[in-house]
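1. next one to model:
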Amino acid sequence: MRYISTIDGREFDIEIMDDHHVRIGGRVIAVNFESVSGQPVYSLILDGKSFESFVYESDDEWQVLLRGRQYQVKVEDEREKRLKAAAGGGVAEGGEFHLKAPMPGLVVAIPVSEGQEIQKGQVLVILESMKMQNELKAPRDGVVAHIKAKAGESVEQKQILLNLH
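-> Okay, the predicted model is just below:
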């Protein structure tokens, strides 16, 4: 099966060849991806290199936290992508966006304030989990509407930390 994945605005053509091999562009990669203890924590082995990632679905995309960096990932199969393009549909860059905690943790800092204009990629929240500090960044330009967490506060997975307009 072939998919188009959009990660931080870049598109990747991905083909799942079998349970342990994917083709990204023209490159075949050996993959092992396993859930760890029923949590949204996954063991990922790519070409023999081991990674730990947090993955959860939100609205119409996936949130992936890998090596301290959060990625917004949209996955569409080829047919779905062609149909949307033919219908003239695109992703709305407006509306409200809810930044949710990808895992339980401690809010270390919120370097933005309500009413502040922010740019795509700007750090909105620094969250510490499993002794790692993770920078949660803006998926698009916008304005910070409401901050719903405070520095020093413990948060649960999927808890809304702030909203953007």
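2. for this structure, what helix or strand is lowest in average pLDDT?
-> Within the chain, no helix or strand scores below helix 78-87, which has a mean of 64 by mean pLDDT, DSSP states H and E.
3. helix or strand right after that helix?
-> Next helix or strand after helix 78-87 toward the C-terminus (DSSP states H and E): strand 97-100.
4. buried ones in that next one, by neighbour count?
-> 97, 98, 99, 100 (16 or more other CB atoms under 10 Å). In short, each C-beta sits where N, CA and C put it, glycine included.
5. which ones are touching the third one?
-> It stands for residue 99. Shown in contact with residue 99 (CB atoms under 8 Å, 6 or more residues apart in numbering): 124, 125, 136, 138, 160, 161, 162, 163, 164.
6. next, count neighbours for the first one.
-> Right, the one you point to is residue 124. 23 (other CB atoms under 10 Å).
7. sorry, back to before: restricted to strands, list the contacts of residue 99.
-> Among those, the members found in strands (DSSP state E) are 124, 125, 136, 160, 161, 162, 163, 164.
8. show me the two of the residues you listed that sit farthest apart.
-> Largest separation among the ones in strands among the contacts of residue 99 by CB to CB: 136 and 163, giving 13.2 Å.
9. mind putting the ones in strands among the contacts of residue 99 into JSON lines with pLDDT and distance to residue 41?
-> Converted to JSON lines, these look like this (pLDDT from 0 to 100; distance: CB to CB, whole Å):
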{"residue": "124", "pLDDT": "94", "distance to residue 41": "23"}
{"residue": "125", "pLDDT": "94", "distance to residue 41": "20"}
{"residue": "136", "pLDDT": "89", "distance to residue 41": "17"}
{"residue": "160", "pLDDT": "92", "distance to residue 41": "21"}
{"residue": "161", "pLDDT": "94", "distance to residue 41": "19"}
{"residue": "162", "pLDDT": "94", "distance to residue 41": "24"}
{"residue": "163", "pLDDT": "92", "distance to residue 41": "26"}
{"residue": "164", "pLDDT": "90", "distance to residue 41": "27"}
